[in-house]
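> have a look at this prediction, sequence included:
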Amino acid sequence: MKHLTDTHAHTVASTHAYSTVEEYFRAASEKGLQLFSITDHGPEMPDSPHPWHFGNMRVLPRVRYGVAMLRGVEANICPSESRRLDVNEMRSIFSQTMCCYLDPKHGASQTRFGMIKQSQR
């Protein structure tokens, strides 16, 4: 089975990754992907990008080299009664996809799920 999407990619803005958005577009095209999702770290991670990074994602092209990109964030489920996400409204309005994790340090196993938001943008 050929994979046509990559739903979890970090850019250099998350500091432990090595690729720019442009490099992802080119690599995705070369590998025959149709879509990828940028999911840089949410604010509770030590290497989280500055909030402006998420807002600036909206000026990037949505399709390049025949490959579509979803803007996203890797949110963290905070260790509290409410299990709130660490993304604020500003980050979430610029995102189309979200990866969420439970922190294993707080007694939960790491869980990943994707949530595609309805977007009119």
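Good, I have the coordinates.
> now H10: how far from K2?
Distance of H10 to K2, given as C-beta to C-beta, to the nearest Å: 23 Å. Placement of C-beta: from N, CA and C, glycine included.
> now S14
The gap separating S14 from K2 is 27 Å, by C-beta to C-beta.
> quick one: which of those two has more around it?
The neighbour count for S14 versus K2, taken as other C-beta atoms under 10 Å, is higher for S14 (19 against 6).
> show me what contacts that one?
Contacts of S14 were listed using C-beta atoms under 8 Å, 6 or more residues apart in numbering, and they are 40-41, 45, 47-49.
> so where's this protein shaky on pLDDT?
In the predicted model, the chain carries pLDDT under 70 at residues 80-83, 88-121.
> report the longest helix in it, please.
Looking across the chain with DSSP state H, the single longest helix is helix 21-30.
> give me the neighbour count for the closest residue to V12 other than its chain neighbours.
Of all residues not flanking V12 in the chain, T20 sits nearest, at 6.0 Å (C-beta to C-beta, 6 or more residues apart in numbering). Using other C-beta under 10 Å, T20 has 12 neighbouring residues.
> since that was my last question, I'll sign off now.
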